[in-house]
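Engineer: Task: produce atomic coordinates for the following.
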Amino acid sequence: MELALLNTPRNWAFLIAALAVIATPWVLRAPLRRRADARRLQRAVESLGVRCASNVSVPDGMDGVAYIDHLVMTPKFLLVLLVKRYPGAIFGGSDIDQWAQVMREGSFKFDNPLREVQDLVGLLRAQCPKVPIRGAVLFDKDSSFPKGKPKGVLHVVDIDPRRPRPKATEVPLSLQHAWRKLCPEQAPPAR
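Structural biologist: So this is what the prediction gives:
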């Protein structure tokens with residue numbers, strides 16, 4: 001009797017639809033998580049300043065281009081953010097050449113990202129010499145710092161995206177001009 005029930009096309013369609021409903025959340029779990037993590041990171045970056053631009057290209061001085069993950073305009077300076085997605089425990093310091101990422105699978109070394117962000121800050125300073133520019137490395141929520149974060153490192157879980165953002169009127173003209181030069185498509189209106 002049970003086999004006879006499965007021989008009708010209508011019952012097969014119901015079975016396939018039921019399996020699809022059950023499997024969909026499992027199949028979509030990873031993409032949905034990545035999308036939610038990306039939104040959380042973007043909201044955190046945007047909360048740091050008045051304006052934010054992503055994937056900013058800057059001439060590297062050798063007929064090439066360097067890319068900045070995020071450039072944030074604050075009332076006092078431009079902030080260069082380099083984003084690192086390294087899950088696990090992160091160990092490093094500002095004067096250490098190689099940092100370590102420790103996960104269940106083992107330990108992995110990577111170059112000190114603070115040096116990379118300082119190179120990017122140097123490129124921007126060459127473009128806008130009279131503008132205060134700072135840099136930081138932003139780690140996503142899957143990383144932790146058991147021995148503490150080095151100076152110049154931000155962790156997305158420490159940034160409250162609900163905090164009040166500064167107003168554009170608080171930004172000096174020199175920073176606004178630099179922003180127009182570096183991010184013409186994201187330029188604030190001229191005063």
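Engineer: Where does V21 sit: helix, strand or coil?
Structural biologist: Classification of V21 by DSSP: H, G, I helix; E, B strand; the rest coil places it in helix.
Engineer: ok, it to R35 distance?
Structural biologist: V21 sits 21 Å away from R35, going by C-beta to C-beta, to the nearest Å. Using the backbone N, CA and C atoms, a C-beta is placed for each residue, glycine as well.
Engineer: for the residue nearest to V65 when sequence neighbours are not counted, what are its contacts?
Structural biologist: With C-beta to C-beta, 6 or more residues apart in numbering as the criterion, V65 has its nearest non-adjacent residue at 4.8 Å, and that residue is S57. By C-beta atoms under 8 Å, 6 or more residues apart in numbering, the residues touching S57 are 65-68.
Engineer: try A44
Structural biologist: Applying C-beta under 8 Å, 6+ apart, we find A44 in contact with 138, 156, 159, 161.
Engineer: Those residues in strands, which ones?
Structural biologist: Among the contacts of A44, DSSP state E puts L138 in strands.
Engineer: what's the lowest-pLDDT member of the contacts of A44?
Structural biologist: Here the lowest pLDDT out of the contacts of A44 sits on P161, with 79.
Engineer: The helix or strand the residue nearest to V65 falls within: how far from the chain's middle?
Structural biologist: Assigned by DSSP states H and E, S57 belongs to strand 51-59. Distance of strand 51-59 from the chain centroid (C-alpha atoms, centre = their mean, to the nearest Å) equals 12 Å.
Engineer: ok, that strand: who's next to it in the sheet?
Structural biologist: Strand pairing for strand 51-59, determined by DSSP bridges: strand 65-73 (antiparallel).
Engineer: Would you check how far apart A44 and L182 are?
Structural biologist: Distance, A44 to L182, by C-beta to C-beta: 21 Å.
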